[in-house]
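Asks: The sequence isn't on hand, but the structure is:
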């Protein structure tokens, strides 16, 4: 395989059909759960929502869980509940999807980007500490690829400076930090249920918390700022009465989505186990390739393996990341790149952010390629990925002796 002509140069691709980097796994039980809701009296704001929330709370070990229309909406709700607003700064990582920082902007606050650890690619606590000012209100660590960030160190910084910690665990449902479940540790934790995540509701998100005040604020925030709770009403004209007490949003998940989430959650153990098996296979089969760096896993973390990222050693290759990315796609391997550092997007540049503020993240971005990894893959799929990586990297290796 390593000596064959690349598909991008006219050769036969490793696979006859395209393998995406991520994809939902839906079975008949999932479909039936949605049908049952469609045949019921409630397709939104009904009992399936509270059931799904209770199940996520039990799974993570949190006291409370509040469902939202997306992970982004959930982060927005968490920022509101934390009291983040104009004049505040919130520290987060640039190595993430834009939503991790956009939620700060939604509340009129300023995102502050701290650089990442060069081994784990997670937020570096030393860099976080350097970014603390009198305006800092919160820290939003992101559990990149499913491996938890250094929460003990981040919590120490937060306690010393009276800060709120909101975990972005979009990648980390089912992960553990020092034997503690992600979702039960910090002030608030966000999970995402996008189709490429561990379980899906189509679109959807969740905040878990142990704080009853945050819980109440989150519930009200996702429903226009409206409450019917007689304990909190300023007036009460009758049983029909409700009040909008602040400017909230319509961020309610539907029962249709929640029922799918409940059905998917029953399979979370097998989904994560499959991801771990795929990651172990990749590590075993690719460990001898000196032109790439494999994911570094800390012994006291239990990753849920949302992503498997290769870091290209470009000094040992005759092509750049773009060429290698394109070559793998031509082999029908749907690699991806995670992530463009947030502050390099044009909108953030328009706010005054400039290249160079997080050099480790910027360097990693130039070298990252994400391999396909999802529970619906089989052994043949994984073998094809390995074969394609070996084929492409061998072709572009500076040690290759092609004629």
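Replies: Arrived safely. As the structure is a computational prediction, the values presented were derived from the model and not from experiment.
Asks: Look at residue 305 and give its secondary structure.
Replies: Judged by DSSP: H, G, I helix; E, B strand; the rest coil, the three-state class of residue 305 is coil.
Asks: same question, residue 13
Replies: Under three-state DSSP, residue 13 comes out as coil.
Asks: try residue 165
Replies: Recorded secondary structure, residue 165: strand (three-state DSSP).
Asks: residues in contact with it?
Replies: Residues near residue 165 by Cβ atoms under 8 Å, 6 or more residues apart in numbering: 138, 139, 140, 141, 151, 154, 155, 158, 186, 187, 188. Just so you know, the C-beta spots here come from the backbone N, C-alpha and C atoms, and that holds for glycine as well.
Asks: Can you show me the helices along the stretch 301-403 of the chain?
Replies: Counting by DSSP state H, counting those that start in this stretch, the stretch 301-403 of the chain has helices at residues 321-330, 346-350, 359-367, 379-396.
Asks: avg pLDDT for the shortest one?
Replies: This points to helix 346-350. Helix 346-350 shows a mean pLDDT of 98.
Asks: got the buried residues for it?
Replies: Applying a neighbour-count criterion of 16 or more other Cβ atoms under 10 Å, the buried positions in helix 346-350 are residue 348.
Asks: With the first one instead?
Replies: Within helix 321-330, the residues that count as buried by 16+ other Cβ under 10 Å are 321, 324, 325, 327, 328, 329, 330.
Asks: for the last one, same thing?
Replies: With burial defined by 16+ other Cβ under 10 Å, the residues of helix 379-396 counted as buried are 381-382, 384-396.
Asks: same question, the third one
Replies: Neighbour counts using 16+ other Cβ under 10 Å place 360, 361, 362, 364, 365, 367 of helix 359-367 among the buried residues.
Asks: Return the distance of stretch 190-207 from the chain's centre.
Replies: A distance of 9 Å separates the centroid of the chain from that of stretch 190-207, by Cα atoms, centre = their mean, to the nearest Å.
Asks: Which strand or helix spans residue 274?
Replies: Element membership for residue 274 (DSSP states H and E) is helix 268-286.
Asks: residue ranges with poor pLDDT in the chain?
Replies: For the chain, residues meeting the criterion pLDDT under 70 lie at 1-3, 401-403.
Asks: Let me see the domain layout of it.
Replies: Per automatic domain parsing, the domain ranges recorded for the chain read 7-23+268-396, 28-265.
Asks: what's in contact with stretch 126-141?
Replies: Counting contacts by Cβ under 8 Å, 6+ apart, the residues touching stretch 126-141 from outside are 75, 79, 82-84, 87-93, 100, 103-104, 109-110, 112, 114-116, 122-123, 149-151, 154, 157-158, 161, 163-168, 358.
Asks: likewise stretch 282-290?
Replies: With contact meaning Cβ under 8 Å, 6+ apart, stretch 282-290 is reached by 292, 294-295, 308, 310, 313, 316, 371, 373, 382, 385-386, 389-390, 393.
Asks: ok, back up a step: which of the helices of the stretch 301-403 of the chain sits closest to residue 240?
Replies: Distance to residue 240, taken as Cβ to Cβ, is lowest for helix 346-350 among the helices of the stretch 301-403 of the chain, at 43.4 Å.
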